[in-house]
Every structure is written in structure tokens, then in C-alpha cells.
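In: Everything below, folded, please.
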Amino acid sequence: ELRKVDLELKLAHSLEKVELARQTLEEAEEIHGMYAVEFAVATKEFEMQQDLVYDELERKEEEAKAKQLAALQAAAMRRADEHRREADASFKRGNIGAAEQSYSHAIAELEVSGIVLVQPSQLWLRVNRAAALFSLGHTREALTECEMVLKVDCNHARALLRASRCCLQLQELEKAQRYIEFVVLSPASSAADLKEAAAQKVTLVRAFIERDKVAANDAFRKDDFNTALELYTSALEHLEVINLPDSKKVQVGLFSNRAAAHMMLGSPLLAAEDCCAALKLEPL
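Out: Got it, this is the predicted structure:
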């Protein structure tokens, strides 16, 4: 009995210890939970502060880069302006090669520093370089410069005129025609620009007529009389667009040649009409 009582007392004592341990464990878990919440809050706060620090560092870095880039671009603009003045002086002296190199250096200074050439003064660098390239015989490169200007400002009259002149030189007559039309329609064109466009149009019409006449003569020699007839007609239509100083002489030749084509195609009446038209212009 005494042993039984002793065991029961020990068991009761053990149960008290177990209960006390359970309570202690619960309290510890509650404290752990509180610490976990505080840790999560602290971690989130730390991350927020860390993000703010990183953002501030990034902002300062961007500011430093922007200041450095601005300084580089300002220096590049000064150097480009020096090259421009040198180029203008060389061009006036007739040293076209040196002028072209100086214009190229000015453009390169701006482009290498990250400056996009969109300002009017910057676009003139390309237009002036195009003029120098054209004078040196580098017509295709000159046209490329003009087209780069026109991508930025499609109404740039001098770039349009220079581009049309390049196209005339390259025998790209349809493109030259479009550029001349754009000059006439451009609100930025001055009286001098319109006068030069009119002069270029005369050159263009002559080029169209000469191209069609030569092609028609070749077709005639190859017995392709239909093509010859179409080309002689096309040349006469071009001649109607503008009054050339020697229009009468050119028309007489075209009417005579077209009459020959009509005859070869078995149309003597149409041939006679062309001969009469030629005789009205030049009885002899």
C-alpha cells in the first residue's frame, strides 16, 4: 500500500511537472510567435529601407552619368562648331576636300557623343557636306546625306534641291521629279528656292526627253516600232510640260521620227499628220 501511495504521489508530481512544462512550452511558443511577427515586420522594413537606399544610389548614379554625358556633349558641340567654321572657311576658299572633311568631323563629333542631329544648325552640317560631296563627284553619298536630313525635316528646301540635283546626276529622274515637286509645295521654300526648282525642272524635262528619244531610237533600230512610237510620244508629252528655248527644234525632230514609226507600222495617215505638225513648226 505504501508503495502504491508512493507511486501515486510520484505520478501526481510528474503530472504537475508535465502540466507546468506544457504551460511553459505554450508561453514559449507565444513568445516565439511574437518574435516571428516582429522579425517579419523588421525584415519587411529592412527590405523597404534597402530598396530606398538602392533607388537613391541608382538615382545618384544616373545623375552622375547624365552630368558626365552633358559635359561630353557640350564639349562635342564646341568641337563640332569649330570644325563647322573651318569647313565654311575652306569652302569659301574653294578647298572643297578640306571642307568635306571638316563637315564630316563635325558630324562625327556629335554622333559619337550620342547627339541625334535634329536641330536646324545640325541638319545644315549634312546639307553642306552633301554640297561638298557633290562638288567632289561623290553624288551617291551626297544624296544619302540629303535623305538623312529629309527624314528629320521633309520640308527642308535646300536638302530637297540638293537631292533632286543628285538624282538628276544619277539619272534617277522620277525621284528628282518628286523632290522638285516637294520644293514647290514646301512652305519653307523661299523665292530663290522656287527659282532654282524651276531651273532644275527645265533640266529634268530635257533629261526625260533625251532618255525617251535615245530609247526610242534604239527601239527603232531593233525594229521594235511599237515601243519606238510610245517613247517618241512620251518625249513629246514631256515637251508640253514646259517651254524650252529650243522646243521647236526638238519637236520637229520628234514628230519626224514618230512619223517614220507610223509608216513602219502601216499608218501613213498618222505619219502624214506628224509630218504636217513638223512642217507647221519648221516649213523648211
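In: Any regions of this protein where pLDDT drops low?
Out: Across the chain, nothing is flagged by pLDDT under 70.
In: Pull the number of nearby residues for M77.
Out: Counted by other Cβ atoms under 10 Å, the residues lying close to M77 total 18. For every residue, glycine as well, the C-beta is placed using N, CA and C.
In: Helix or strand: which one has it?
Out: helix 2-93 (DSSP states H and E).
In: name the helices or strands packed onto that helix?
Out: The elements that helix 2-93 packs onto, with contact taken as 3 or more Cβ pairs under 8 Å, 6 or more residues apart in numbering; DSSP states H and E, are helix 96-112, helix 120-135.
In: The most centrally placed residue in the chain: which element?
Out: By Cα atoms, centre = their mean, the mean C-alpha position of the chain lies nearest to K151, the distance being 4.1 Å. Assigned by DSSP H and E, K151 falls within helix 139-152.
In: Would you mind pulling the contact partners of the helix or strand just after that helix?
Out: Using DSSP H and E, the helix or strand that follows helix 139-152 towards the C-terminus is helix 157-169. Helix 157-169 is touched from outside by 123, 126-127, 130-131, 134, 139-140, 142-143, 146-147, 149-150, 153, 173, 175-177, 179-180, 182-183, 186, 188-190, 193, 196-197, 200, 203-204, 207, with contacts defined as Cβ atoms under 8 Å, 6 or more residues apart in numbering.
In: Show the buried residues in those residues.
Out: With neighbours counted by 16 or more other Cβ atoms under 10 Å, these contain buried members at 123, 126-127, 130-131, 134, 139, 142-143, 146-147, 149-150, 173, 175-177, 179-180, 182-183, 186, 189, 193, 196-197, 200, 204, 207.
In: related to what we said a few turns ago, need the helices and strands packed on helix 2-93 in JSON lines (columns: distance to H262).
Out: JSON lines is the format used below for the helices and strands packed on helix 2-93 (distance: least, Cβ to Cβ, whole Å):
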{"stretch": "helix 96-112", "distance to H262": "50"}
{"stretch": "helix 120-135", "distance to H262": "42"}
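In: Which among those helices is found nearest to V250?
Out: Proximity to V250 (Cβ to Cβ) singles out helix 120-135 among the helices and strands packed on helix 2-93, at 27.9 Å.
In: Does the closest one pack against any helices or strands, and if so which?
Out: Packing partners of helix 120-135 (3+ Cβ pairs under 8 Å, 6+ apart): helix 2-93, helix 96-112, helix 139-152, helix 157-169.
In: Next, the angle helix 2-93 makes with it.
Out: Counting by axes from the mean of the first three to the mean of the last three Cα atoms, to 10 degrees, helix 120-135 points 50 degrees away from the direction of helix 2-93.
In: Name the surrounding residues that touch helix 120-135.
Out: Residues outside helix 120-135 that contact it (Cβ under 8 Å, 6+ apart): 80, 84, 87-88, 91, 96-97, 99-100, 103-104, 106-107, 110, 115, 117, 139, 141-143, 145-146, 148-149, 152-153, 156, 158-159, 162, 165-166, 169.
In: now with 6 Å?
Out: Helix 120-135 has contacts (Cβ atoms under 6 Å, 6 or more residues apart in numbering) with 96, 99-100, 103, 106-107, 141-142, 145-146, 148-149, 158-159, 162.
In: Which pair in those has the greatest spatial separation?
Out: Farthest apart among these by Cβ to Cβ are I96 and M148. That separation is 20.2 Å.
In: Can you give me the buried ones in stretch 84-99?
Out: Those would be 84, 86-87, 90-91, 96, 98-99, for stretch 84-99 by 16+ other Cβ under 10 Å.
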